[in-house]
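Peer 1: Structural data only, the sequence is not supplied:
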């Protein structure tokens with residue numbers, strides 16, 4: 001069994017991941033982490049009745065239960081430190097929090113290679129979302145005119161989303177450089193045309209009731225192509241999280257994107 005700790009277990013994604021680990025016969029939940037938690041044990045919470053798992057407030061205390069995998073669904077400002085801590089202590093991180101800078105990501109990958117610690121940072125753990133990004137990359141070879149509309153709940157902190165950025169990065173690898181729209185185009189309100197990524201536009205929608213959705217809209221002469229993925233429930237991410245936990249213990253470096261493990 002793989003020994004797992006979950007950081008951010010009180011958040012919506014963290015609580016879903018915690019329950020997934022508890023229910024998976026191949027995993028053992030050895031601890032959860034939240035610096036503001038008042039509980040000492042999960043069984044103190046009604047939804048975890050009878051689950052005897054320690055609640056840690058300090059990440060150093062997590063080392064006492066010898067975890068092999070560190071699942072992180074916290075917030076961007078602490079994710080970097082958590083992931084670095086896990087790698088430094090030879091715990092394989094599986095990170096779903098987005099918002100890391102390119103410099104931070106590079107530093108974490110380089111350090112994981114030095115210490116030969118496997119890990120995963122994924123903008124999206126839904127298998128369908130990974131396929132959506134792969135399909136969009138293929139389509140971008142033939143349709144250089146494209147815009148991304150990503151839609152999330154109104155409590156999401158980063159914009160554009162990690163999935164939106166990752167999709168744009170993947171398409172940029174194969175897309176012919178092109179600045180879209182009319183050369184004399186003028187925004188009457190700043191930001192009306194969205195964020196610009198190498199000529200592609202990314203639009204972020206934040207509304208209550210949404211979970212995670214993305215539409216990649218391609219346009220060509222006389223035709224259009226739309227590739228869309230919808231997550232209607234956070235359980236859609238758990239098959240990818242479980243896959244990540246199983247795979248990272250067998251690799252020797254941190255990878256970015258679930259597609260690297262499929």
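Peer 2: Received, thanks. No experiment lies behind these values; they were computed from the predicted model shown.
Peer 1: quick one, strands of the stretch 101-250 of the chain?
Peer 2: For the stretch 101-250 of the chain, the strands defined by DSSP state E, counting those that start in this stretch occupy 119-121, 146-152, 195-197, 200-206, 212-220, 223-231.
Peer 1: If we ignore the residues flanking it in sequence, what's nearest residue 28?
Peer 2: Closest residue to residue 28 apart from its sequence neighbours, by Cβ to Cβ, 6 or more residues apart in numbering: residue 1 at 4.5 Å. To be clear about C-beta, it is placed using only N, CA and C from the backbone, and glycine gets the same treatment.
Peer 1: rewinding a little: can the strands of the stretch 101-250 of the chain go into TSV with extra columns for mean neighbour count and mean pLDDT?
Peer 2: What follows is the strands of the stretch 101-250 of the chain, written out as TSV (neighbours: other Cβ atoms under 10 Å; pLDDT from 0 to 100):
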stretch	mean neighbour count	mean pLDDT
strand 119-121	27	97
strand 146-152	22	98
strand 195-197	15	95
strand 200-206	18	97
strand 212-220	20	97
strand 223-231	15	97
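Peer 1: Please produce TSV containing these, extended by distance to residue 247.
Peer 2: Formatted as TSV, the strands of the stretch 101-250 of the chain follow (distance: least, Cβ to Cβ, whole Å):
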stretch	distance to residue 247
strand 119-121	7
strand 146-152	26
strand 195-197	29
strand 200-206	29
strand 212-220	22
strand 223-231	21
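Peer 1: nearest to residue 23, of those?
Peer 2: Nearest to residue 23 among the strands of the stretch 101-250 of the chain is strand 223-231 (19.4 Å), distances taken as Cβ to Cβ.
Peer 1: For the protein, which residue occupies the most central location?
Peer 2: Closest to where the C-alpha atoms of the chain average out (Cα atoms, centre = their mean) is residue 123, at 2.8 Å.
Peer 1: Might you report the residue contacts of that one?
Peer 2: By Cβ atoms under 8 Å, 6 or more residues apart in numbering, residue 123 lies in contact with 98, 161, 162, 163, 165, 166, 257.
Peer 1: Could you report the neighbour count for the last one?
Peer 2: For residue 257, the tally of surrounding residues (other Cβ atoms under 10 Å) stands at 18.
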